[in-house]
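1. here are the coordinates; sequence isn't available:
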């Protein structure tokens, strides 16, 4: 990270896959950037767009939503709905002047500790490069 | 002989006021005219009919913190809200000035609303007479007039190249610039306005409280909050406490009796659950309850509700309908 | 005003009321300015003489059906309004058998506000693809109508072409002006939640403050709640007292929904709205 800018990243991780994946990264002692603050949700489909807007309003520089791989949702179809919702929301956020890069959607299973680490790392670096939002 | 100021000198005077105080004036914003604080006198609009929102927002803001409570060494400490600077409102129409005077009744009687009171004390009003009436105007039917000077500190009336200046109060006198001259120009007569029947409305609202008229009228009402929010004399509000890390902020925001659930109480009962009951309340408050309490109809004839209502609920039509109900009932 | 057309509407309305087929007729009448229109409710045969129809009849009357669910009502609809009927039928908010739909072929409506009647058609009419209502029980006969078919979404594209900072500045300025009168919500056929999220106190999603942050949440989330549901009547934009360009928000989502899911709301009473359904395999722009 350069010039002392420390992006704040909020992560919404679904309990059954992504949160467990993050847990696995932890128990395997894999290290990754500490910028992310994790919020556990039952399913990526539960993540309401208003939660993401509030994150941005309260100072988040980037938001990561991670759920089970499509087809593997613990609740069968939550992540299918999430996929559609966030496809629209990313584009809409861009239109509103909150860049689409600031919302990242990933699918990460319980056994993919390394994948979780890779995704968080790349997202954090991307946010550091993007810089803070102009009007925060 | 009247006092007179040229347009150029008026601009210089406003620029001088701007240096010492907050100057609120009509400003063009996205095709609307709104009272806003100006940073340069060039922003002031001089040719306009009236603003979309009334100036009441500068006495009763859409949102304000009534007070906050902060923890200081574990002890709660009350932090009152402050009004920061002296204000001059320029370009106020007589109807709106009357609107402020009407709001004084509920807000200044003991115990006074201290925030409103402080804003009122520290604000001076420079009125602008209407040389033309708009199709929605009816101030003369509700106790005002296009050139009514009763509720302003200074009243300006536009004539060729400048304005006749009437100094009404000592507060106004304290604002005056050097550049006033005397003029032999007479005050022009005010424009003629349509007349709306208002003599019998208070009695009619009382008498026809249970009439199905209100339900029929409310059929098309959207129950949004536009009429209450654009009105110079509506003042309903909601209050809520916000907590954050052990600190409390008590916030007051505009609300409207029109919206569904406005009168819903704990337990779920709602005395004004129907559209008709809510719409009736608007007119009952303005035409009956407020006059009973404060001896004046809570309507200044500015016509903003007439212009802004998306479904054309027209208070003048309501007054006329009430008069007809009265006539039919043979009273 | 086309008196032939109006006579058809009045005759139909009178018949329905006299026979007791409907409890009331929802249509249009002349407003108090003598120039524009306003919604009208006729419950007795004699009252139908107030009904009119012309290029000032901009209101989407379908919103009034939600209050009158228990009774059979007749309603005058333009093609855009009929999309709202389909939307509400699809979302099970109204029952088809409680409606008698008097459809009118519409050449477009002009910009109006109280005591003002514009010369040009509203933007939504210029891009309208419907020549007659999609659903009706009686179609008012008139000459075939022609109206300019402009290219849709040009405003949206213009906004998309601005820089991200310019867009941010633009929208912040617009949301700042909002006074939370909720006229946009009240006039919208798609906004019918008994308790709107903005009024929920527990959890307190937005709160009562009328201030830029709260306004932003309100505006963005209402638009998003209409994604794939907005039928493009643009009434929200017309009624906004502080001139917020709401169609610029709603049409952006409409455009994206069309692009991603090939879907437009209200074209049929039985359809699969994109945010209520899904496909197991679809590429929507995320690396998998």
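-> Perfect, I can see it now. Fair warning: this is a prediction, and the values are worked out from it, not measured in the lab. Numbering: from 1, shown residues only, chains lettered A, B, ... in the order given.
2. doesn't residue B:127 lie inside a helix?
-> No - under DSSP: H, G, I helix; E, B strand; the rest coil, residue B:127 falls outside any helix and is assigned strand.
3. helices and strands of chain B: which one bottoms out on pLDDT?
-> For chain B, scoring each helix and strand by mean pLDDT, DSSP states H and E identifies strand B:75-80 as the least confident one, at a mean of 81.
4. show residues contacting it.
-> B:67-71, B:114 (Cβ atoms under 8 Å, 6 or more residues apart in numbering or on different chains). Where C-beta positions appear, they are placed from N, C-alpha and C, glycine not excepted.
5. what about the helices in chain A?
-> Counting by DSSP state H, chain A has these helices, from start to end: A:18-27, A:49-57, A:78-95, A:113-130.
6. give me the packing partners of the third one, helices and strands only.
-> It stands for helix A:78-95. Counting contacts by 3 or more Cβ pairs under 8 Å, 6 or more residues apart in numbering or on different chains; DSSP states H and E, helix A:78-95 is packed against helix A:49-57, strand A:62-67, strand A:103-107, helix C:212-225, helix C:246-261.
7. any idea of the pLDDT on the residue of chain B most remote from its centre?
-> Among the residues of chain B, the one whose C-alpha is farthest from the average of all C-alpha positions is residue B:73, by Cα atoms, centre = their mean at 43.2 Å. Confidence per residue is given as pLDDT, and for residue B:73 that number is 76.
8. list the contacts for residue B:310?
-> When contacts are counted by Cβ under 8 Å, 6+ apart, residue B:310 is found next to B:222, B:224, B:226, C:59, C:183, C:187, C:235, C:238-239.
9. and the residue nearest to it when sequence neighbours are not counted, how many neighbours?
-> If the residues on either side of it in the chain are set aside, residue B:310 comes closest to residue C:239, at 3.9 Å by Cβ to Cβ, 6 or more residues apart in numbering or on different chains. The local packing of residue C:239 (other Cβ atoms under 10 Å in any protein chain shown) involves 25 other residues.
10. quick one: residues contacting residue 66.
-> Reading this off chain A. For residue A:66, the residues meeting the contact criterion (Cβ under 8 Å, 6+ apart) are A:11-14, A:17-18, A:21, A:44, A:105-108, A:116, A:119.
11. wrong chain, I was asking about chain C
-> Residue C:66 sits next to C:88, C:93-94, C:189, C:192 when contact means Cβ under 8 Å, 6+ apart.
12. what residues are up against the residue in the stretch 51-200 of chain B that chain C sits nearest to?
-> Checking the stretch 51-200 of chain B residue by residue against chain C with Cβ to the nearest Cβ singles out residue B:62 as nearest, at 4.0 Å. Taking Cβ under 8 Å, 6+ apart, we find residue B:62 in contact with B:229, B:253-254, C:179-180, C:210.
13. residue B:280: which of those is nearest?
-> residue B:229 (19.3 Å; Cβ to Cβ).
14. how near is that closest one to chain C?
-> Distance of residue B:229 to chain C, computed by Cβ to the nearest Cβ, to the nearest Å: 5 Å.
15. can you list the domain ranges for chain B.
-> Domain ranges of chain B: B:2-61+B:83-183, B:201-237+B:255-328, per automatic domain parsing.
16. for stretch A:18-35, buried residues please.
-> In terms of neighbour count (16 or more other Cβ atoms under 10 Å in any protein chain shown), stretch A:18-35 has its buried residues at A:18-25, A:32-33, A:35.
17. low-confidence ranges in the chain?
-> Let's take chain A. Low-confidence segments of chain A, defined by pLDDT under 70: A:1-3, A:135-136.
18. you answered for a different chain; I wanted chain B.
-> Looking along chain B with the criterion set at pLDDT under 70, you get B:331.
19. mind naming the longest strand for it?
-> Assignment by DSSP state E gives strand B:63-72 as the longest strand of chain B.
20. so the residue nearest to residue B:195 when sequence neighbours are not counted, which of the three states?
-> Taking Cβ to Cβ, 6+ apart as the measure, residue B:195 lies nearest to residue B:141, with 5.6 Å between them; neighbours along the chain are not counted. Using three-state DSSP as the criterion, the local structure at residue B:141 reads helix.
21. dump the residue contacts of residue B:141.
-> Going by Cβ under 8 Å, 6+ apart, residue B:141 touches B:193-198, B:301.
22. kindly report the same for residue A:48.
-> Contact partners of residue A:48, counting by Cβ under 8 Å, 6+ apart, are absent.
23. list the contacts of the closest residue to residue C:215 other than its chain neighbours.
-> Across the structure, with Cβ to Cβ, 6+ apart as the measure, the residue nearest residue C:215 apart from its sequence neighbours is residue C:178 (4.1 Å). Residues near residue C:178 by Cβ under 8 Å, 6+ apart: C:210, C:215, C:218-219, C:242, C:244.
24. distance of the residue of chain A found nearest chain C relative to residue A:56?
-> Across chain A, no residue is closer to chain C than residue A:97, which sits at 2.5 Å (Cβ to the nearest Cβ). Separation of residue A:97 from residue A:56 (Cβ to Cβ, to the nearest Å) stands at 11 Å.
25. quick revisit: and the pLDDT at the residue nearest to residue C:215?
-> The pLDDT attached to residue C:178 in the predicted structure is 98.
26. next: the one 5 residues further on.
-> Residue C:183 is assigned a predicted lDDT (pLDDT) of 98.
27. need the phi and psi values for it.
-> Residue C:183 adopts backbone torsions of phi -60, psi -40, taken as degrees, to the nearest 10.
28. I'd say it and residue C:239 touch.
-> Yes - between residue C:183 and residue C:239 a contact is recorded at 4.4 Å, counting by Cβ atoms under 8 Å.
29. in chain C, which residue is closest to the centre?
-> Among the residues of chain C, residue C:233 comes closest to the average C-alpha position under Cα atoms, centre = their mean, at 3.5 Å.
30. ok, residue C:273 - contacts?
-> With the criterion set at Cβ under 8 Å, 6+ apart, residue C:273 makes contact with C:90, C:228-229, C:263, C:265.
31. one more time with 7 Å
-> Residue C:273 makes contact with C:228-229, C:265, according to Cβ atoms under 7 Å, 6 or more residues apart in numbering or on different chains.
32. re the thing from before, and the gap between the residue nearest to residue C:215 and residue B:147?
-> Going from residue C:178 to residue B:147 by Cβ to Cβ gives 35 Å.
33. count the residues that sit near the residue of the stretch 1-150 of chain C at minimum distance from chain A.
-> When scored by Cβ to the nearest Cβ, the stretch 1-150 of chain C has residue C:91 as its residue closest to chain A, at 16.7 Å. The criterion is other Cβ under 10 Å. On that basis, residue C:91 has 15 neighbouring residues.
34. who wins on neighbours among the contacts of residue B:310?
-> Within those, residue C:59 tops the neighbour count with 30 neighbours, counted by other Cβ under 10 Å.
35. these two touch, right, residue B:89 and residue B:125?
-> Yes - under the criterion of Cβ atoms under 7 Å, residue B:89 is in contact with residue B:125, at a separation of 5.4 Å.
36. neighbour count: those two, which is higher?
-> Legend: neighbour count by other Cβ under 10 Å for residue B:89 and residue B:125, higher for residue B:125 (27 against 24).
37. center of the chain, which residue is that?
-> I'll assume chain A. Centre-most residue of chain A, counting by Cα atoms, centre = their mean: residue A:64, 1.1 Å.
38. please go with chain B instead
-> Averaging the C-alpha coordinates of chain B gives a centre point, and the residue nearest to it by Cα atoms, centre = their mean is residue B:232 (2.0 Å).
39. how about that residue, nearest residue that isn't a chain neighbour?
-> On the basis of Cβ to Cβ, 6+ apart, the spatially nearest residue to residue B:232 that is not a chain neighbour turns out to be residue B:99, at 2.7 Å.
40. just the closest of the buried residues of stretch A:18-35 to chain B, please.
-> Where the buried residues of stretch A:18-35 are concerned, and distances follow Cβ to the nearest Cβ, chain B has its nearest neighbour in residue A:35, at 22.3 Å.
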